[in-house]
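Q: got a structure for you, letters missing:
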């Protein structure tokens, strides 16, 4: 089966720039990488095809040969690579492309590539009211900060010399059989420079451990799992390079009265059985104070009553949610003698023959029980 045109594989025109070429390959690599598509049997082949095309077209000399001779440029020895074009110098591809895609950066970042410190995550516990209305909170976080003694350089005298391992190139080449792989110099981390006199405070790291007090504004309406990014408040990178970010993740504590579901609030409303039978006017709590609610006669346990707009306004916008009250009819306890006698008189007024008029759910349940037993015994 003949190979597809490399430009077609990457979905680009022949006039494509290096930046556009890299962007196209990155998109295909993320789409077809085997780790991301373990259940797709064709993903690995598409991934290899895209990688082979990118290796050729990203090299100006190989691209010129391909534009002139096509695939024949790399067959029969013309290109010096045989038919396996695309698999010779994998270190460059995986270092430059997959370091960007998957955040590696250590597989072959060339000299001068921007490094940064680690991102941090902080779990912030909030009360429901704080999450709903917003609040400004201060918190302490241990992190790596710039060494003030050497100003982040890692050098006691501020001087650096050419790295003896990579000779200032920032990269070293590793030979493994027929494969030659370039990778970031492990001694200078790709900078091409080394420190002769390490700072006595940070021992050449350019950073120190320190606990900082930060302040963050929690916007109204945040919910469990929402994150707030504080740019540049993470760890300072090695030798004082750019700091990472700090992500404040919201965890809302359980509330004694309300349960939250998105923008809606739920609560249980306990009432006496006389109130349920006769109806009542009650006051219920909301996050903004009390609100009146009408309980109609013959209310049953589980019935819900909605107070519109008494829920939460989402941090992402939209209308404010509702407060939904679920009625719980309570059986009275610790009755006085008078109360017991009154209940006994009430119970005596119910006749077995017309009990269904007063307890419709009980009658329906008994009818279903009778039908069940008739099926079992038949």
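A: Noted; the coordinates are in hand. From a predicted model like this one, the values you see are computed outputs, not experimental measurements.
Q: residues in contact with residue 28?
A: Contacts of residue 28 were listed using C-beta atoms under 8 Å, 6 or more residues apart in numbering, and they are 10-11, 46-47, 50. Every residue, glycine included, has its C-beta placed from N, CA and C.
Q: among the residues you listed, which two are most distant?
A: Checking the contacts of residue 28 against each other with C-beta to C-beta, the farthest-apart pair comes out as 11 and 47, at 14.4 Å.
Q: neighbour count: those two, which is higher?
A: Neighbour comparison, residue 11 and residue 47: the larger count goes to residue 47, with 20 against 13 (by other C-beta atoms under 10 Å).
Q: separation between the more buried one and residue 117?
A: Using C-beta to C-beta, to the nearest Å, one gets 31 Å for the distance from residue 47 to residue 117.
Q: over to residue 152?
A: Note on residue 152: its distance to residue 117, by C-beta to C-beta, is 11 Å.
Q: the longest helix in this protein is where?
A: When the chain is scanned for its longest helix (criterion: DSSP state H), the result is helix 360-377.
Q: and the helices in this protein?
A: Under the criterion DSSP H, helices of the chain are mapped to 6-10, 18-32, 43-57, 60-69, 90-93, 99-102, 128-133, 273-278, 337-348, 355-358, 360-377.
Q: quick check: buried residues in the first one?
A: For helix 6-10, the buried set under the neighbour-count rule, 16 or more other C-beta atoms under 10 Å, comprises 6-7, 9-10.
Q: out of the residues you listed, who's nearest residue 250?
A: Nearest to residue 250 among the buried residues of helix 6-10, counting by C-beta to C-beta, is residue 10 at 41.5 Å.
Q: how far away is the closest residue to that closest one other than its chain neighbours from residue 195?
A: Nearest residue to residue 10, sequence neighbours excluded (C-beta to C-beta, 6 or more residues apart in numbering): residue 24, at 4.8 Å. Look at residue 24 and residue 195: by C-beta to C-beta, they are 40 Å apart.
Q: go on, residue 54?
A: Distance from residue 54 to residue 195, counting by C-beta to C-beta: 36 Å.
Q: same question, residue 213
A: The value you get for residue 213 to residue 195, if C-beta to C-beta is used, is 31 Å.
Q: again, but for residue 209
A: Note on residue 209: its distance to residue 195, by C-beta to C-beta, is 20 Å.
Q: more neighbours, these two?
A: residue 195 (22 against 11).
Q: wait, that one sits on residue 204?
A: Yes - the criterion here is C-beta atoms under 8 Å, and residue 195 meets it with residue 204 at 5.3 Å.
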